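Participant: need a structure here:
(2 chains, ligands or ions: 2)
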Amino acid sequence: MDYQLSIENVHLSFGGVQALNGVSTGVKKGEIFSIIGPNGAGKTCLLNCINRFYRPQSGSIKFEGHEITGLSPHKIPKLGVARTFQNVELFSHMTVLDNIKLGAHIHLKSGFFSGGIYFGRCRNEEMHLRKHIENDIIDLLEIEQIRKSVVYSLPYGLQKRVELARALAMKPSILLLDEPATGMNLEETEDIARFILDINDQWGVTIVLIEHDMGVVMDISDRVCVLDFGVKIAEGPPEEIRHNPMVIKAYLGEKDLTLSRLG
Amino acid sequence: MRCGDFKETYVRDEEIFQSLFVKFWLGVLAAFLLIFPFIANEYMLYIANMIGFAIIGAVGLNLLTGFTGQISLGHAAFIGVGAYTSAILVTRLGLSFWLSIPLAGLVAASAGMIIGIPSLRVKGLYLCIATLAAQFIFEFIFIHWESMTMGITGINVPPPSIGGFEFNTEKRFYWITLFFVVLGVIYAKNLVRSRMGRAFMAIRDRDLSAEIIGINIFRYKLSAFAISSFYAGVVGALWVFYLKVVTPDHFPLLLSVEYLAMIIVGGLGSILGAIFGGIFMTLVPEIINTLSAALKTIMPGNEAFFEPLKSVVFGMLIILFLIFEPRGLAEIWNRIKNFFRLWPFSY
Ligand SMILES: Nc1ncnc2c1ncn2[C@@H]1O[C@H](COP(=O)(O)OP(=O)(O)O)[C@@H](O)[C@H]1O
Ligand SMILES: [Mg+2]
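Facilitator: Ligands and ions are numbered 1, 2, ... in the order given. Have a look, this model is predicted:
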């Protein structure tokens, strides 16, 4: 298959709850792939399976041809998979800059010896990292003003942006975004959508996006996948999804909430 | 906000000591530390050596507990491991004191890594109990492995020397202590601003997020135990050769608690805090001693009251700082510094 990330027949249950019930799908390199569906549909669970926070009872997840369901979670980023969370998961007592630097952890080399000496290689490494962060990430995401702030002191919208910055510092080839625009006003949402497009366009990063804001989803996605009660009910380009009767039916219960901007 | 010397700005921004102000006072401090042994009396030098040992040990423990978030009640045990290792290496194998120091650190680091293994599964109070077990196991070994440790009789060691020059007075030993304090502080300061130190803090703050960015939590927790115990081992080795003897009763649980007190009072997760804590908690009992001695004529036999008072004061200080200044003396220092930086426009 020409999928960068392929998911085959994944089953995940918690006790009696079937969170994912035989989900199969695939993400192509370089595309923006959105996953939508009502609350509790299993979208976050799917990302958690990819990150290995959850282990599916059966099924296979392959990244660039390699089976990843058996790897430990900390091995996943090395493959080029970065992630942000529905509820921000930052290091809240550290500064924005340190959080972003931590994103680059897997690309740095210094250890207990060179790090403690902080001379030559380690020093160069730190200076390069800082330069890269300043020029490519802080600039792109427009967070110059807060680089020295401690994360917990920042408003939620900015924290989400910092989390995105940290994910970028991982230099991922695929970026999994779990509701990046939730809790944001219209302007902030538009900023986020623009950042996602920039990242996809300038960095060539594949995007997997979970988002409730249908305006954003329909605008920027190449393809959309719809989950409902742990089952994939539709997949295709935005226009097709917009008019799919199954999708409309799944959303019927919460029409006002999620389809308000479908128009 | 871009400007011409932007590169300069962030290179400077990454330096440890950024302002001229800080550099100046650091120079003053260095000069003082160099002149100190020539102006201080025997007693003051003794205190200085004690403070030095406390600082090295506290910096080590803070790397583990303050920076990585792994609480340990076994620090005294690792100091003991270092002390016995160097004493045995020097007296049995005829190794030089200087070589025995890093080796004592390494053996203590290995012990620390083994004791750190439960940290993969348990946190907080449970880890505390696991390290407490280590404390008792090692105390038991120090007493009962007589063929190695000579039991309660202990091991006598010769003073360190370089080419016939013996470090056998308070003043001479001061230079050894100072050297290791400076080395230990600089190492720690660098570590916490590079990759490994950031990984430690990430684990302390949120281990789930640490995994998502590719940090191998177990490996870094063990590294923190190893580095922290290495510091402890070095303190142990220095201490033996300072006292010229090692016995099991030098490493009681109370010593572990004292080190925890130092970093809590000084400031968890701050190298400067560990330094303040080391100084402060060494001075407190000395002040109580001095008081007790001063009151001897008025209150004969007051030691019976003042001796236990030391533990009470330690306990009180821990509690008071936890409640009123959880970020310790380092935070108070920051406030004072900021006050003077802005002075006279503080308000
Ligand atoms: N750790 C867990 N334990 C038990 N049930 C869970 C757990 N995580 C998710 N679930 C359940 O799985 C289902 C899907 O959740 P989730 O993937 O978070 O939905 P969403 O599509 O809103 O992101 C929900 O019914 C949720 O209650
Ligand atoms: Mg979710």
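
Participant: From B:Phe321, how far out is the residue nearest to B:Ser270 when sequence neighbours are not counted?
Facilitator: Spatially, and ignoring its direct neighbours in sequence, B:Ser270 is nearest to B:Ala330 (4.2 Å; C-beta to C-beta, 6 or more residues apart in numbering or on different chains). The way it works is simple: take the backbone N, C-alpha and C, and place the C-beta from them, glycine included. When distance is defined by C-beta to C-beta, to the nearest Å, B:Ala330 is 11 Å away from B:Phe321.

Participant: For my notes, confirm B:Arg335 occurs in a strand.
Facilitator: No: assessed with DSSP: H, G, I helix; E, B strand; the rest coil, B:Arg335 is helix; it does not lie in a strand.

Participant: residue contacts, residue 41?
Facilitator: Just so you know, I chose chain A. When contacts are counted by C-beta atoms under 8 Å, 6 or more residues apart in numbering or on different chains, A:Ala41 touches A:Leu227, A:Asp228, A:Phe229, A:Gly230.

Participant: give me phi/psi at the third one?
Facilitator: Listed backbone geometry of A:Phe229 is phi 50, psi 40, with angles given as degrees, to the nearest 10.

Participant: Strands of the stretch 151-263 of chain A, start to end?
Facilitator: Applying DSSP state E, counting those that start in this stretch to the stretch 151-263 of chain A gives strands spanning A:174-178, A:206-210, A:223-228, A:231-236.

Participant: Could you save these as TSV and add columns showing mean pLDDT?
Facilitator: Listed next are these as TSV, based on pLDDT from 0 to 100:
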stretch	mean pLDDT
strand A:174-178	97
strand A:206-210	97
strand A:223-228	95
strand A:231-236	94
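
Participant: Can you show me the strands along the stretch 51-200 of chain B?
Facilitator: Counting by DSSP E, counting those that start in this stretch, the stretch 51-200 of chain B has strands at residues B:155-156, B:161-162, B:165-166.

Participant: if we can go back for a sec, check the contacts of A:Ala41 against A:Asn99 and report the nearest one.
Facilitator: Among the contacts of A:Ala41, A:Leu227 lies closest to A:Asn99 (C-beta to C-beta), at 30.4 Å.

Participant: can you tell me how far that closest one sits from chain B?
Facilitator: A:Leu227 sits 22 Å away from chain B, going by C-beta to the nearest C-beta, to the nearest Å.

Participant: count of residues packed around that residue?
Facilitator: 27 (other C-beta atoms under 10 Å in any protein chain shown).

Participant: Phi and psi next, for the closest residue to A:Asn48 other than its chain neighbours.
Facilitator: Distances taken as C-beta to C-beta, 6+ apart place A:Tyr54 nearest to A:Asn48, at 4.4 Å, with adjacent residues excluded. When read as degrees, to the nearest 10, the backbone of A:Tyr54 gives phi -110, psi 150.

Participant: for B:Ile215, same thing?
Facilitator: Torsion angles, degrees, to the nearest 10, at B:Ile215: phi -90, psi 130.

Participant: For it, grab the count of nearby residues.
Facilitator: Residue neighbour count, defined by other C-beta under 10 Å, stands at 24 for B:Ile215.

Participant: re earlier: contacts only, for the residue nearest to B:Ser270.
Facilitator: B:Gly266, B:Gly267, B:Ser270, B:Leu272, B:Gly273, B:Phe276.

Participant: ok, stretch A:11-29 near ligand 2 or not?
Facilitator: No: under the criterion of C-beta under 5 Å from the ion, stretch A:11-29 makes no contact with ligand 2; the nearest approach is 10.6 Å.

Participant: still on that earlier bit, dump the strands of the stretch 151-263 of chain A into CSV; add distance to ligand 2 as well.
Facilitator: Output for the strands of the stretch 151-263 of chain A, formatted as CSV (distance: least, C-beta to the ion, whole Å):
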stretch, distance to ligand 2
strand A:174-178, 6
strand A:206-210, 6
strand A:223-228, 10
strand A:231-236, 16
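
Participant: Which among these is found nearest to B:Pro37?
Facilitator: strand A:174-178 (58.7 Å).

Participant: mean confidence for stretch B:124-137?
Facilitator: Mean pLDDT, stretch B:124-137: 91.

Participant: got it, and stretch B:69-83?
Facilitator: 95.

Participant: May I have the distance across it, first residue to last?
Facilitator: Stretch B:69-83 has its terminal residues 26 Å apart, counting by C-alpha to C-alpha, to the nearest Å.

Participant: touching chain A at all, it?
Facilitator: No: for stretch B:69-83 and chain A, the contact criterion (C-beta under 8 Å from any C-beta of the partner chain) is not met; the two come no nearer than 10.4 Å.

Participant: Pull out the buried residues from that stretch.
Facilitator: Buried residues in stretch B:69-83, defined by neighbour count with 16 or more other C-beta atoms under 10 Å in any protein chain shown: B:69-83.

Participant: Show me the two of those that sit farthest apart.
Facilitator: Longest distance between any two of the buried residues of stretch B:69-83 is 27.2 Å, between B:Gly69 and B:Ala83; criterion C-beta to C-beta.

Participant: okay, now B:Glu325: neighbour count?
Facilitator: When counting by other C-beta under 10 Å, one arrives at 16 neighbours for B:Glu325.
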